[in-house]
Structure formats: C-alpha cells, structure tokens
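Participant: return a 3D structure for these sequence lines:
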Amino acid sequence: MKYPYSPGINHIEFWVKDLETSMLFYGELFPMIGWYALNETSFSCGQHEIYFKQMPVEFCDSLGVRHICFHAISREVVDQVGEWLRKQNAAIIRGPQGMPHYSASYYTVDFRDPNGFVLEVAYTPEIKL
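Facilitator: The predicted structure follows:
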C-alpha cells in the first residue's frame, strides 16, 4: 500500500503561558532559520508544522522533550540567531560555538524561549540523520 506521506513528525504542539509573547519571539526567530508562518499561531518548514496554544498554568504539568534542535543551513545562520538572541536579552545556554566532541563542523547555539523551552539551532553538515 502506498501512503501519501513518508514517516516522520507531523507536528509539534507547544503549550505556552503567553501566546502573544511567544508569537513575537517565534515570528522573528523562525524566518531566520527558514520557517514560515502558516497562520497567526503555526509555522512550517515545508515538511513539519509547529503550532502554539496558550494554556492556563495549572494545565502545564506534563514533562516533555528536553529540547528541539532546528537545522541551520550555515554557520552564519547560527551566528545571526545568536546575535538576535542577545538583542532580545534571551537566556542563552551556550554558543554560538563549535562542538568538536560531536563532530568537527558541529556549530550551535542553545537557548530558552520566553516560556523556558530549551531550543537549539545547529549547523551540522557532517551529521547523518
């Protein structure tokens, strides 16, 4: 049987405490790394979708992924994100920096979004998925 889609992630849903703040943050971050807006609360890279829903704090009690890493198409994109994060006074965990223990060309910036989610933007040309 032939399926219309290949295996992979259909979408990622973020529960956030402040939708407006999240949309301002991601509305600037995502275009830098090649994602585009589908509507006011959803983004896509052409293969995957991420959407956001504001939820009352009492409903946000689940544990989730440790972090999400987005592909960057160059080291310059990682540097651009790092510079933008500094201007936003975002919580940068590390980087932009090389991670030679992963691979010689691994270049990354790790940070927290306005909700405290850990995100990474990495250029990883030698990594095979």
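
Participant: mind listing the strands for the protein?
Facilitator: Remark: strands assigned in the chain by DSSP state E are 11-16, 36-39, 42-44, 49-54, 68-71, 91-98, 107-112, 118-123.

Participant: looking at those, which is buried most?
Facilitator: Most buried of those, by mean neighbour count (mean count of other Cβ atoms under 10 Å): strand 107-112, with a mean of 22. Backbone N, C-alpha and C define where each C-beta goes, glycine included.

Participant: need the residues that contact that one.
Facilitator: By Cβ atoms under 8 Å, 6 or more residues apart in numbering, the list of residues contacting strand 107-112 from outside reads 67, 69, 72, 75, 78, 81-82, 85, 90-99, 118-124.

Participant: cutoff 6 Å now
Facilitator: 75, 78, 81-82, 85, 90-96, 98-99, 118-123 (Cβ atoms under 6 Å, 6 or more residues apart in numbering).

Participant: circling back to that earlier point, looking at the strands of the chain, which has the lowest confidence?
Facilitator: With a mean of 85, strand 11-16 has the lowest mean pLDDT of the strands of the chain.
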